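Asks: Dropping a prediction and its sequence here:
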Amino acid sequence: MNSITHKYVEYIPATLDEGVVYISKKYKTMVHKCCCGCGNEVVTPMGKTDWQLTEETESISIYPSIGNWGFKCKSHYWINKNRVLWSDQWSEDMIKAGRRSDRLKKEAYYKNESGDAYPVTNIISQLLQSLKNWWNNLF
Ligand SMILES: [Zn+2]
């Protein structure tokens, strides 16, 4: 399984569909059937020390990864923008790096919008500018 859909519910239903992450905000819980297809139900409570749900317009991401060590399948995957990223395809470092570059892109975008900073891609010109300022201040 390489993607999931998500459904907001008040109560987690007794029978779950494969490939659906049920989200109950009321009970701060998410439940889904293991993405490997083994049929086990995976409960991921929401919270700062549990799993964090990131909602976007049409997708969700769950952080950190979901490791079903208690099941026979021992599957381990990430849910990122409704895609299932299997941990043998995506290492933790890769995810972190992805998040970092996402954040940098966003920061660059917003700083650029407000016009008070250089975009990250122009970091060299920023350095040159501060070098110039330093030079000018010497005289
Ligand atoms: Zn499984």
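Replies: Nice, I can see it.

Asks: how many other residues sit next to residue 137?
Replies: 7 (other Cβ atoms under 10 Å). C-beta: built from backbone N, CA, C; applies to glycine.

Asks: I meant to write residue 79 there.
Replies: 26.

Asks: so which strand or helix has it?
Replies: For residue 79, the element it lies in under DSSP states H and E is strand 76-80.

Asks: Tell me where the chain has helices.
Replies: 92-114, 123-137 (DSSP state H).

Asks: what's the spacing between residue 12 and residue 33?
Replies: From residue 12 over to residue 33 the distance is 12 Å, taken as Cβ to Cβ, to the nearest Å.

Asks: do the same with residue 46
Replies: Taking Cβ to Cβ, one finds residue 46 at 18 Å from residue 33.

Asks: And the two? Which one has more around it.
Replies: residue 33 (21 against 16).

Asks: OK, contacts around the more buried one?
Replies: 16-20, 39-42 (Cβ atoms under 8 Å, 6 or more residues apart in numbering).

Asks: give me every residue that touches residue 78.
Replies: 62-66, 84-85, 87, 90, 95.

Asks: Please list the residues of this structure that sit near the ion.
Replies: 34, 36, 38, 73, 75 (Cβ under 5 Å from the ion).
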